[in-house]
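Enquirer: Sequence first, predicted coordinates after that:
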Amino acid sequence: MSNQKLFTYPFAKIYPMYIAKAEKKERTKKEVDQIIFWLTGYDEESLQESIVQETTLEDFFKRAPQINPNSSLIKGTICGCKVEEIKDKTYQNIRYLDKLIDELAKGKELDEILRKEQ
């Protein structure tokens, strides 16, 4: 999928996919939400508003209250590219979220996913 096509994809359509991926591996919607809140600064109300308004992925991240400064600690490959090397910030944030949801589905502890100090 090209960046432009990805940018125009509604967050409301990808959100249930994140939840399904997590639940398939016995994780929860609550954990998915915690990851989204941590990365973007959204809360439950603003997240639901973005879903109802069918906000595009691009606008979802551009309107994020605050991208977590520790997001730069997210490393690894997703969709064939290293997330830490992505130049476009919006695209990088989209892939950061993909990477975090993958980590959740692979069984990592939430504190580790959220880059909390041990």
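Expert: On my side now, so go ahead.

Enquirer: so how far is Q34 from L114?
Expert: 7 Å (CB to CB, to the nearest Å). All C-beta spots, glycine's among them, are computed from the backbone N, C-alpha and C.

Enquirer: How about L110?
Expert: Distance from L110 to Q34, by CB to CB: 6 Å.

Enquirer: which ones are touching the residue lying closest to K24 once chain neighbours are set aside?
Expert: Closest residue to K24 apart from its sequence neighbours, by CB to CB, 6 or more residues apart in numbering: A105 at 7.2 Å. Taking CB atoms under 8 Å, 6 or more residues apart in numbering as the definition of contact, the neighbours of A105 are 21-22, 24-25, 27.

Enquirer: Just the pLDDT for A105.
Expert: In this prediction, A105 carries a pLDDT score of 96.

Enquirer: returning to that earlier point: mind listing the shared neighbours of L114 and Q34?
Expert: Residues touching both L114 and Q34 (CB under 8 Å, 6+ apart): none.

Enquirer: which secondary structure elements does the lowest-mean-pLDDT helix or strand in the chain contact?
Expert: Within the chain, no helix or strand scores below helix 3-7, which has a mean of 86 by mean pLDDT, DSSP states H and E. Judged by 3 or more CB pairs under 8 Å, 6 or more residues apart in numbering; DSSP states H and E, the packing partners of helix 3-7 are helix 57-62, helix 89-105.

Enquirer: Would you mark the buried spots in that helix?
Expert: For helix 3-7, a neighbour-count test (16 or more other CB atoms under 10 Å) marks 6-7 as buried.
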